[in-house]
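> got a predicted structure here, sequence first:
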Amino acid sequence: MPLPDDFLYELKMRSDISDIASSYVSLKRRGRNLVGLCPFHGEKTPSFNIYPENGSFYCFGCGAGGDVITFIRKIENLDYIDAVKFLAQRAGMEMPESSYDNSMSDLRRRIFEANREAGRFYYSSLYSPVGKEGLDYLRRRGLTEKTIKHFGLGFSPDNRFALVDHLTSRGFKPQELVAANLVYQNKSGSISDRFYNRVMFPIIDLRGNVIAFGGRIMTDVKPKYLNTSDTPVFKKSTNLFALNFAKNKGGRELILCEGYMDVIALHQVGFTSAVATLGTALTQEQAMLMKRYSDRVYICYDSDEAGQKATQRAIGLLRNAGVEIKIIAVPGAKDPDEFIRENADKGRERFEKLLEESGNDVEYRINRIKQKYVLTEQSQMVLYLTECAKLLAEIESPIEADVYAGRISEEAGVRKDAVLQQINGYKKRTYRDKTKKQFRDIQADISARGDRINSEKADNLRAARAEETIIAYLINNPDMAEKTASLLPPEKMITAFNRRVYKIITDRARQGRDIMPADISGEFTVEENGKIAGIIASLGEERLSWTACDDCIRVILSEGERITAENAASADITDIEKYLERLKNQKK
């Protein structure tokens, strides 16, 4: 059963989307609405809009949108019921009992409980005889007992059924353990541990829940590190290791590392702002997450070629997210963990110096380019300057670009204006390419190609646009729903998605129930709510009249009566005669 309307109404009244969104996004008022940089994708020009009048949000850049519940679902990675619980707790409200489908929420809760119990099992195993090899390994890596306990590190025994036996004895069902990705299930249905003979690293979310694990093997078997796959409570691309600790440090700085041990080593000597990705390259979602908790990010990846490539990728994503970037160069060691251990008691002091000496991302990339060429040769110098000009053309600040243009021109012994001319040439080319892409995007939007939510729109453009106009009109004029539905029954809608939205809206309105975005969001996925928010944002501001709505009804009815070449061949002769008769009457 759905949540009671009176509960949702009170929750909506106590959960102002402007207040809640502003705790995640810096917003400025623009007329009746609020705008800011989207928290769901990187952008430099604000396209994220809050509409206080109907309690919705929409980003014209990435298409994210919906009500306050959808906002929390996306930004906190929660399902619908858990997002409602999140808001209810914030508003000091009790959830209604047994009045909604809690199956997914119950599964998530059981996964959290299984993960927590697994973490306890791994920790106790570490300090048992079966965990001696793992504990010796951690101590060889210089970790103290306090650090091991702080991070809840553990060990998975070299036994494929150790965790299975433990958790099933605690009442956990096989399907719950499979959903948590703690076990494998074979074709016959039997289950066995996913992690065994590994040092275990619990991954904890910002609310203190154990959501996943990373495990390092004690043998030469590959992969060296194994991580939990995505589950209902965990998504690799949207979480960071140790952010639950780093966010409480104070200050708006983070240190981005590659591995768990790098982070733990830095935390142990006092650099508690260190975080790491979870076995994958940095993603845009992780970059945006870091932006929520920092204004400056120090990238401290391994010094090998793979680490340097990862640094280049991270620079682009973090720049796009709008944070200041510094690059830490670790001398004489592959990673920060080795650097800290090799410097023993001086580790903290010397790493602090690396932080102070770190350069920005532009300097780092220029130096990387310089390493590719022999600058004593003229042809190589030209290639160096050309590649630097391409890099500087990407910089939006003309002052910053001018400073670096002066530096490399002086270094190369060429005129600064020649370098600037080259930079401007690349800027113009980039602008042309960007304009062409925007034009292609506009064409795709107009033609509805690639509409993943309403896949029928491209083949029914005229009708689908009329349907969207009616939906937007009714959201702002719910008192007209009964009249609209009497003229246009839901089954007359041409496209399936719009038909479903229209039916939910008209049914609720005729029952005297609210139809604002917050009232209907539980009926749709996050992506579908974004689509509806886009319809409202694009058309709702036009203050559509009944005349416009009535015209759209006529368009839809007319489109529905149209016999296409595809169905004419199989149409009943009586239907064709009736259709031709209607055409005659319309001409009269």
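Now that the structure is in, tell me what you want to look at.
> and the strand or helix carrying Arg341, what's buried?
Assigned by DSSP states H and E, Arg341 belongs to helix 336-342. Judged by neighbour count using 16 or more other C-beta atoms under 10 Å, the buried positions of helix 336-342 are 336-340. Every C-beta, even on glycine, is put in place using the N, C-alpha and C of the backbone.
> mean confidence for that helix?
The average of the pLDDT scores along helix 336-342 is 92.
> so which other helices or strands are in contact with it?
In terms of contacts (3 or more C-beta pairs under 8 Å, 6 or more residues apart in numbering; DSSP states H and E), helix 336-342 is packed against helix 260-268, helix 347-357.
> following the longest one, which helix or strand shows up next?
Read that as helix 347-357. Following helix 347-357 in sequence, per DSSP H and E, is strand 359-360.
> which strands or helices does the very next helix or strand once past that next one pack on?
Where DSSP H and E defines the elements, the next helix or strand beyond strand 359-360 is helix 361-370. With contacts taken as 3+ C-beta pairs under 8 Å, 6+ apart, helix 361-370 sits against helix 305-321, strand 324-327, helix 378-393, helix 398-412.
> okay, buried residues for helix 361-370 please.
361-362, 364-366, 369.
> also stretch 19-37?
Buried-residue list, stretch 19-37, by 16+ other C-beta under 10 Å: 20-21, 25, 27, 33-37.
> in CSV, list the residues you listed along with pLDDT and distance to Pro489.
Formatted as CSV, these follow (pLDDT from 0 to 100; distance: C-beta to C-beta, whole Å):
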residue, pLDDT, distance to Pro489
Ile20, 95, 37
Ala21, 95, 37
Val25, 91, 41
Leu27, 94, 41
Asn33, 93, 34
Leu34, 95, 38
Val35, 96, 39
Gly36, 94, 41
Leu37, 93, 43
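> and these, which of them are in helices?
Cross-referencing the buried residues of stretch 19-37 against helices under DSSP state H gives 20-21.
> tabulate the buried residues of stretch 19-37 (a markdown table), appending distance to Val199.
Shown next, in a markdown table, are these (distance: C-beta to C-beta, whole Å):
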| residue | distance to Val199 |
| --- | --- |
| Ile20 | 40 |
| Ala21 | 40 |
| Val25 | 39 |
| Leu27 | 44 |
| Asn33 | 51 |
| Leu34 | 47 |
| Val35 | 47 |
| Gly36 | 42 |
| Leu37 | 40 |
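> ok so, going back, out of the buried residues of helix 361-370, the closest to Ala472 would be?
Of all the buried residues of helix 361-370, Asp361 has the smallest distance to Ala472: 43.1 Å, by C-beta to C-beta.
> ok, now how distant is the closest residue to the closest one other than its chain neighbours from Asp335?
Once flanking residues are discounted, Asp361 sits nearest to Ile325: 4.1 Å by C-beta to C-beta, 6 or more residues apart in numbering. Ile325 sits at a distance of 19 Å from Asp335 (criterion: C-beta to C-beta, to the nearest Å).
> could you do Lys531 as well?
Lys531 is 44 Å from Asp335, by C-beta to C-beta.
> any idea how far Leu143 lies from Asp136?
In terms of C-beta to C-beta, Leu143 sits 11 Å off from Asp136.
> circling back to that earlier point, right, so of the helices and strands packed on helix 361-370, which gets closest to Ala481?
Of the helices and strands packed on helix 361-370, nearest to Ala481 by C-beta to C-beta is helix 305-321, at 41.8 Å.
> can you list contacts of the closest one?
42-44, 256, 258, 281-284, 286-288, 290-291, 297, 299, 301-302, 325, 327, 334-335, 361, 364-365, 368 (C-beta atoms under 8 Å, 6 or more residues apart in numbering).
> list the contacts for Arg170?
Glu117.
> what's around Arg510, how many residues?
13 (other C-beta atoms under 10 Å).
> before we move on, what about the one 10 residues further on?
Residues contacting Ile520 under the criterion other C-beta under 10 Å number 21.
> also Ser18?
16.
> in which helix or strand does it reside?
Counting by DSSP H and E, Ser18 is part of helix 17-22.
> check which helices and strands that helix sits against.
Looks like helix 17-22 contacts strand 33-36, strand 48-51, strand 56-59, helix 68-76 (3+ C-beta pairs under 8 Å, 6+ apart).
> and the contacts of the helix holding Arg341?
141-142, 257, 259, 261-262, 264-266, 268-269, 274, 300, 328, 330-333, 347-348, 350-351, 354.
> show me the contacts for Ile504.
520, 523.
> that one: what secondary structure?
Per DSSP: H, G, I helix; E, B strand; the rest coil, the secondary structure class of Ile504 is helix.
> pull the number of nearby residues for the nearest residue to Arg452 once chain neighbours are set aside.
Counting by C-beta to C-beta, 6+ apart, Glu527 is the residue found nearest to Arg452 once chain neighbours are left out, at 7.3 Å. For Glu527, the neighbour count with other C-beta under 10 Å is 15.
> next: Glu145.
Neighbour tally, Glu145, other C-beta under 10 Å: 11.
> okay, the nearest residue to Gly259 once chain neighbours are set aside: pLDDT?
Spatial nearest neighbour of Gly259, chain neighbours left out: Ala276 (5.9 Å); criterion: C-beta to C-beta, 6+ apart. pLDDT for Ala276: 97.
> Ala276 and Leu240 touch, don't they?
Yes. If you go by C-beta atoms under 8 Å, Ala276 and Leu240 touch, sitting 6.7 Å apart.
> for the closest residue to Lys416 other than its chain neighbours, the count of nearby residues, please.
Distance criterion C-beta to C-beta, 6+ apart; nearest residue to Lys416, sequence neighbours excluded, is Ser409 at 4.2 Å. Each residue near Ser409 was counted by other C-beta under 10 Å, and the total is 18.
> Ser409 and Ile366, how far apart?
Distance, Ser409 to Ile366, by C-beta to C-beta: 12 Å.
> with Ala114 instead?
50 Å.
> what of Val233?
43 Å.
> okay, Ile325 and Asp335: which has more neighbours?
More crowded of Ile325 and Asp335, by other C-beta under 10 Å: Ile325, with 23 against 20.
> per the record, what domains does this protein have?
As assigned by automatic domain parsing, the chain contains the domains 5-91, 104-234, 243-358, 372-445, 457-587.
> gap between the two ends of the second one?
Translated: domain 104-234. 14 Å (C-alpha to C-alpha, to the nearest Å).
> what about that domain, distance to the chain center?
Chain-centre distance of domain 104-234: 25 Å, with C-alpha atoms, centre = their mean, to the nearest Å.
> swap in the third one?
The chain centroid and the centroid of domain 243-358 are separated by 21 Å, computed with C-alpha atoms, centre = their mean.
> for that domain, measure first residue to last.
First-to-last residue span, domain 243-358, C-alpha to C-alpha: 22 Å.
> the first one too?
The first and last residues of domain 5-91 sit 17 Å apart, counting by C-alpha to C-alpha.
> the helices in the stretch 401-550 of the chain, which residues?
416-447, 461-476, 481-487, 496-510, 517-520, 526-539, 546-561 (DSSP state H, counting those that start in this stretch).
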